[in-house]
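> Structure for this input, please:
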Amino acid sequence: MTPARPTAAAAAVVALALALAAGTACSPPPPAARRTTPTVAPKAAAAAAPIATPPRLVVLVIVDQLPAWAFLQKRPQLTGGFDRLLREGEWHTGEHPSAAAITAPGHAVISTGEPPATSGILANQWYRRAQDRLLASVQDPDAPGAASARWLRVPGIADAVAAAGTGAKAVSVSLKDRAAILSLGRAGLPIWYDRKAVAWTSTAPPAWLAEHNRKAPIAARLKERWTADPRRLAALSGTTDDQPGEAGEAGFGPTFPHDMTATKEPAYALLATPTGNQVVLDAALAAIDGESLGQDATPDLLVLSFSAHDYVGHGWGHESWEAWDMMLRLDEQLGRFLEALDQKVGAGQWAMLVTSDHGASPLPERAGGGRITYESIRESANRAASTALGLGDWIADTKFPSVYLSAAARARTARDQQRAIAKIVYALRSYPGLGRVERTLDVAGNCEQRTGDTFLICLALDPVESGEVFYMPARGWIMQEAAEPLATGHGSLHAYDREVPLLLVPPDRKSHAPLTAPSEAKIQMVRVPIILARWLGVAPPQKLPR
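Residues are numbered from 1 along each chain as shown. Alright, predicted model coming up:
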């Protein structure tokens, strides 16, 4: 099935999103961090002056789940790679354009400049009515086991590189397949971790990748043990190793040490360790050599997405010892990577943009919130629908941000369906921890005509592909699976989910005093591919023809 094309109004949606830029610098939460109204319009991409000396390599670094508030909190202790970037570049607050502050839509926004309403990437996974099942954002139902950008409706930054016809290359590396694929688009070479094979894979694995798997086997890293300095982490975090709310992740418990060999699946446990970040960096360096990136005057693109940071956030929260230690280690790892770039590409010959696909909430115990299970939402919605339709299984799925009616419910008359939807909306509006519940058709489509929070919600939804009901957690509340408790989560309108650090290290940079706080102006994340395209010397990604 070919994904539906955006409506004629889609162009206006993104034009309006591009017109937003904003307000005041992000400060460390209070958990009730304030959301400001964008007021400053950025300069048009076409007005950007050409770069006198283009870089040989443009590097996009995405630290999965890095809230602006958490980065600002940890900045004073970052004396390695991040400090170098903040002595050579700029520090801004990036603002994601919609309520869909989750991995797949976030990577798609960074690559394409399009929110879910136009990119087609609605969530990490969502229910597809045509297949009557849940599919992942890069899952192809016609090719079992394959991953692709099939559901992406618009081109990404790698497509822009390919369209320029210069022979430049675009490569991405991530532990997550959706991060590797969606951060490029449909073109380029996405590389991700196959935990069943305990090795790197791709849509079309090159010979050098097989050689890297042989010379640097990930399986050899699964015996590493994650330990930490308790005195230092206690002093930095101001909390204990087992503070309320910590759940552990990937088979690890809430407290140090974390031994991969002691888990049921060490290959999965790797995802929640600093070793996970290191193998990404090792593969990225192998990609530079294998693809000869940055070796001539035509700029190439390299994308790194550090997924391990996301798993650590979910398992322990950003206030935890684990999150502090992960960030300190990433700072060191990034510093060594920058030195390697100097050697392989040349000092001053590369440019870098560092950001995140989404933020995250402070621990609910600190934010005065709580946790809601998808299963309880489904149960409540089904009870409500049953009051209109009689006993039955009327709900297909309730993954954020949508409630989907089942095929049985959709087989009922339009009048019955609307009665069931009204009952669901009424029931969920009284559900503890939900901040907003709406009929999707009341908030989706014609986004350019909407304002305030409704505009941000609209950008997260597709009037055809989204569920019949939209919901959003209240401030401080997070969503989770009943069988997989989380320390923290993300996916809402709240500033802690939508605001992320945005570090720009341009090719024509000059060293300066280290930055200790972001600029006052926010930059909309839909501008990221415009910035990257300018550095790469190509036109920004353009919408696909109808």
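> Low-confidence ranges, this protein, go.
For the chain, the stretches flagged by pLDDT under 70 are 1-50, 543-546.
> ends of stretch 341-355, how far apart?
19 Å (Cα to Cα, to the nearest Å).
> secondary structure element for D310?
Following DSSP states H and E, one finds D310 within helix 308-316.
> could you say what helices and strands that helix packs with?
With contacts taken as 3 or more Cβ pairs under 8 Å, 6 or more residues apart in numbering; DSSP states H and E, helix 308-316 sits against helix 274-290, helix 321-341. Just so you know, the C-beta spots here come from the backbone N, C-alpha and C atoms, and that holds for glycine as well.
> how about the CA coordinates for stretch 448-467, as PDB?
Extracted as PDB, the C-alpha positions of stretch 448-467 are listed here (Å, rounded to 0.1, in the frame of the first residue of the first chain):
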ATOM      1  CA  GLU A 448      -2.500  26.400   9.200                       C
ATOM      2  CA  GLN A 449      -5.900  27.600  10.400                       C
ATOM      3  CA  ARG A 450      -5.200  26.600  14.000                       C
ATOM      4  CA  THR A 451      -3.500  28.300  16.900                       C
ATOM      5  CA  GLY A 452      -1.800  27.600  20.200                       C
ATOM      6  CA  ASP A 453      -1.700  24.100  21.500                       C
ATOM      7  CA  THR A 454      -4.300  23.000  19.000                       C
ATOM      8  CA  PHE A 455      -1.800  23.900  16.200                       C
ATOM      9  CA  LEU A 456       0.900  21.800  17.900                       C
ATOM     10  CA  ILE A 457      -1.500  18.900  18.300                       C
ATOM     11  CA  CYS A 458      -2.600  19.200  14.700                       C
ATOM     12  CA  LEU A 459       1.000  18.900  13.500                       C
ATOM     13  CA  ALA A 460       1.200  15.500  15.300                       C
ATOM     14  CA  LEU A 461      -1.800  14.000  13.600                       C
ATOM     15  CA  ASP A 462      -3.000  12.700  10.200                       C
ATOM     16  CA  PRO A 463      -6.700  13.100   9.700                       C
ATOM     17  CA  VAL A 464      -6.900   9.700   7.900                       C
ATOM     18  CA  GLU A 465      -4.100   7.600   9.500                       C
ATOM     19  CA  SER A 466      -4.300   8.600  13.100                       C
ATOM     20  CA  GLY A 467      -6.700   7.100  15.600                       C
END
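> In it, which residues are buried?
450, 455-463, 465-467 (16 or more other Cβ atoms under 10 Å).
> Over to stretch 71-80?
F71, L72, Q73, K74, R75, L78, G80.
> for the residue nearest to the last one when sequence neighbours are not counted, what are its contacts?
It refers to G80. Once flanking residues are discounted, G80 sits nearest to G335: 3.5 Å by Cβ to Cβ, 6 or more residues apart in numbering. Applying Cβ atoms under 8 Å, 6 or more residues apart in numbering, we find G335 in contact with G80, G81, R84.
> how far away is R56 from E224?
R56 sits at a distance of 34 Å from E224 (criterion: Cβ to Cβ, to the nearest Å).
> Comparing those two, which residue is more hemmed in?
R56 (22 against 17; other Cβ atoms under 10 Å).
> That one against L302, yeah?
No: taking contacts as Cβ atoms under 8 Å, R56 lies outside contact range of L302: 10.9 Å.
> joint contacts of these two?
With Cβ under 8 Å, 6+ apart, R56 and L302 have common neighbours G294.
> So in that sheet, which strands flank the helix or strand L353 falls within, and in what orientation?
Assigned by DSSP H and E, L353 belongs to strand 350-355. Here strand 350-355 has these sheet partners by DSSP bridges: strand 57-63 (parallel), strand 499-505 (antiparallel).
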